[in-house]
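Novice: 3D model of this:
(chains A and B)
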Amino acid sequence: MSVEPEEIFPEKVDARRKWFGQAGTLWTRLIELWLTAVVVAFFLIRILGSQTAKHLLSGLGHSHFQ
Amino acid sequence: MRFLPAIFANIILVASALGFGSLLRPLFPEKFSEIDRFALTLLGGLGILGTALFCVGQFWFSRSAIILVLLAGVLISAGMFARALRKLRTVFAIGTPPILPLAIVSSVLIVTAIGGFAEPIGDMNSDAIAYHYHGPKVWLRETIIRPVPDEVLTTFPALVETEFAALMSLGGTRAAGLFSFASLVALLLIAASLSMRLGLDARGAWWVIALCATMPALYRGAYGGFIDVLFAGFLLGAARVAFDAETLRHYVLFGIFCGISMGTKYTALISWVLLVVCCLLNSALGRRQSLQLLVKNLGISCVVAIVVCAPFYVRNWLLFGCPIYPPPPGLLRFFPATKLLQSVLLEVQRNVLETGRGLGRGIGSFLLLPFNLTYHTADFRGAGGIGLAPLAFGPLGLFACRKNPFAIALALFAFLQMTAWFATAQVSRYAIHVYVLGAIFAVLGWQYVSKQGSKYARAVAAVVVAFSVLYGLYMIVPERVEDLHAAVSPAFEDKRRHEEIPYLESFDYLNADTAVSKVLILGPYVAPFYSDKPYVKPLGRWGEQTLPNANNLQAVLSRSRELHVSHVLDVFPEYGPLKLPENSPGITLVFQGKNQRVYRID
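Specialist: The predicted model follows:
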């Protein structure tokens, strides 16, 4: 008859599961953060930073203050 | 009707390449899939065909010679045609292709095919006009392959350029433009082959192809006379074989692909060394064979590579005293290139340094490379970049397949290659093969996010892919709108020729007049590509002097009479040092246009 680890050291197994759970969540959050940062940087640099966007924004600002 | 010769020429060339490529099939590893075999047959065939044309062209490069070489390949391919047709379904087999990537890839290929029909235009700032298309045009006229004396860059390895020449001979200059379609397809096939080797399913392979096709920096190396996409295909073919090589046959095949790459571009010399190092590490760590046997096999592959690329380098050695020409300064110690003008060497070096400056050489710039390649692509002549996906998913893809030795070998090669690229010439087109690897790791990472990530991560991942593809198309399609318009509208094409080709009226006059036997072109920046008649250009754009001891106008004119020159093309404001004065004796003005004059030598 085999003995499951939970039966001998239930508190240690719980702690390990908790740690992996937290690490898993942290890893998931890191991935989310990384992907979001890449998209936001693209939006800021390649779209808002482009000549077309600058032209449009300056045009909008110009007409707004007239 | 005006497109039919170009289509015909491309079909013949690709059929011939498939024939020559089928000669490599006995060397393929048994476990290679049909898509591996098809991609390597096409790429290897294009390499063998280009090398064969180059070798034959050293002695005889008439249309008959070209047709004979092409015919040999077509005859070989005829034998395998029925079998190939049967297997074609297996090759693209990928069940029902996913609609979205299929639509993306198809749209890029349609744009490439239609845009490829446009006649080449431009001035000496266009590499195609200056040497990629110009060399082949001169070789065909002179029925022999020799570097053009007034353009030092025609001494570069010319494997793909000989295929341009074959296409021009059969289908005119449009045929060379249309070859961009075949080049791009060849690269996408090897990308799919590598993707599936790394464990991606058919859907993943299609997405890799879609990401590659919509990378503006990759796409820019496919058309307009650029050879970089095909070059990247050859290197990836070498990598595909290298990291699965086990027997001597496989290493011979690896050597053939390395040789083909070195026959295409000098930068492959570095890539070859890196591939050999990565192959050594991969096989040694994987313990697939004893170290002694591995070193022997790799040594044989190196010998094969040197033999395959030898025609291009031995030709330069015999003609100019140095296998790599124009030589890097360090090489001059070993190969004193006697025919080299120091000023030409300095000018070419200056240009190489200027175009390859990128974003600097410091460690900070190196660490920021992934960021800058994604967001500041113009600094690398990057034509709009490589999309977001490699930066966003690449590290995750690498993490996901960290236990796959093939993936590790590819990643190591990509890292070493980018390091070498950073240290030498930071021109975006030279790194296209790494961009393809970036796309493959990106899709691996995307799959990882789809499996492991949260709902939010999956949504952002979809946004990343959408931004990559849409931004890529947004950059690619407007770049080709004029080519598309020129292809479908003869009136627009004619208008564009007049706007974009400098001194076109004079070239039209000289090409149409049967009394013109040879033209003297005085301006160093005038593009002789547009002359259908033989010409003499005493000064090239890099300072080349083609008439020895003729560095003033009187000497040039007197040598011209010896060379049976019938007409002189003089243009403004590009006089250079050979300014022709008004009412010069011995010449008669026969045509005058805006900033251009044609004289007949009496």
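
Novice: and B:Ala175, what does it touch?
Specialist: Applying CB atoms under 8 Å, 6 or more residues apart in numbering or on different chains to B:Ala175 gives the contacts B:Pro5, B:Ala6, B:Ala9, B:Asn10, B:Leu167, B:Met168. The way it works is simple: take the backbone N, C-alpha and C, and place the C-beta from them, glycine included.

Novice: which one of the residues you listed is nearest B:Leu75?
Specialist: For the contacts of B:Ala175, the minimum distance to B:Leu75 (CB to CB) is 17.5 Å, reached by B:Ala9.

Novice: give the buried residues for the one helix or strand the closest one maps to.
Specialist: Using DSSP states H and E, B:Ala9 maps to helix B:4-22. Applying a neighbour-count criterion of 16 or more other CB atoms under 10 Å in any protein chain shown, one finds B:6-7, B:9-10, B:12-22 buried in helix B:4-22.

Novice: cool, stretch B:192-201 as well?
Specialist: So, applying 16+ other CB under 10 Å, buried residues of stretch B:192-201: B:Ala192, B:Ser193, B:Leu194, B:Ser195, B:Met196, B:Arg197, B:Leu198, B:Leu200.

Novice: the helix or strand the second one falls within vs helix B:4-22, what angle?
Specialist: What it means is B:Ser193. Assigned by DSSP H and E, B:Ser193 belongs to helix B:159-197. Here the directions of helix B:159-197 and helix B:4-22 differ by 60 degrees (axes from the mean of the first three to the mean of the last three CA atoms, to 10 degrees).

Novice: so where's chain A shaky on pLDDT?
Specialist: Along chain A, the parts satisfying pLDDT under 70 run over A:1-10, A:12-13, A:16-24, A:50-54, A:57, A:60-66.

Novice: and if we set it to 80?
Specialist: For chain A, residues meeting the criterion pLDDT under 80 lie at A:1-24, A:46-66.

Novice: enumerate the residues of it near chain B.
Specialist: A:27-28, A:31-32, A:34-36, A:38-39, A:41-42, A:45-46 (CB under 8 Å from any CB of the partner chain).

Novice: same list (these) but as a markdown table, adding distance to B:Val556 and secondary structure.
Specialist: Below are those laid out as a markdown table (distance: CB to CB, whole Å; DSSP: H, G, I helix; E, B strand; the rest coil):
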| residue | distance to B:Val556 | secondary structure |
| --- | --- | --- |
| A:Trp27 | 72 | helix |
| A:Thr28 | 74 | helix |
| A:Ile31 | 68 | helix |
| A:Glu32 | 70 | helix |
| A:Trp34 | 64 | helix |
| A:Leu35 | 64 | helix |
| A:Thr36 | 65 | helix |
| A:Val38 | 59 | helix |
| A:Val39 | 61 | helix |
| A:Ala41 | 57 | helix |
| A:Phe42 | 55 | helix |
| A:Ile45 | 52 | helix |
| A:Arg46 | 51 | helix |
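
Novice: only whichever of these are buried, select them in PyMOL.
Specialist: Typed into PyMOL, the line below selects the buried ones among the residues of chain A next to chain B, using 16+ other CB under 10 Å:
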select buried, chain A and resi 28+31+32+34+35+36+38+39+42+46
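
Novice: for the stretch 451-600 of chain B, give me the ranges with low pLDDT.
Specialist: B:549-552, B:573-585.

Novice: so what's the residue of it found nearest chain A closest to, chain neighbours aside?
Specialist: Of the stretch 451-600 of chain B, the residue with the smallest distance to chain A, taken as CB to the nearest CB, is B:Val460 at 4.2 Å. Setting aside the residues directly before and after it, B:Val460 is nearest to A:Leu35 in space (CB to CB, 6 or more residues apart in numbering or on different chains), at 4.2 Å.

Novice: now swap in B:Phe366 and tell me
Specialist: Nearest non-adjacent residue to B:Phe366 (CB to CB, 6+ apart): B:Phe422, at 5.6 Å.
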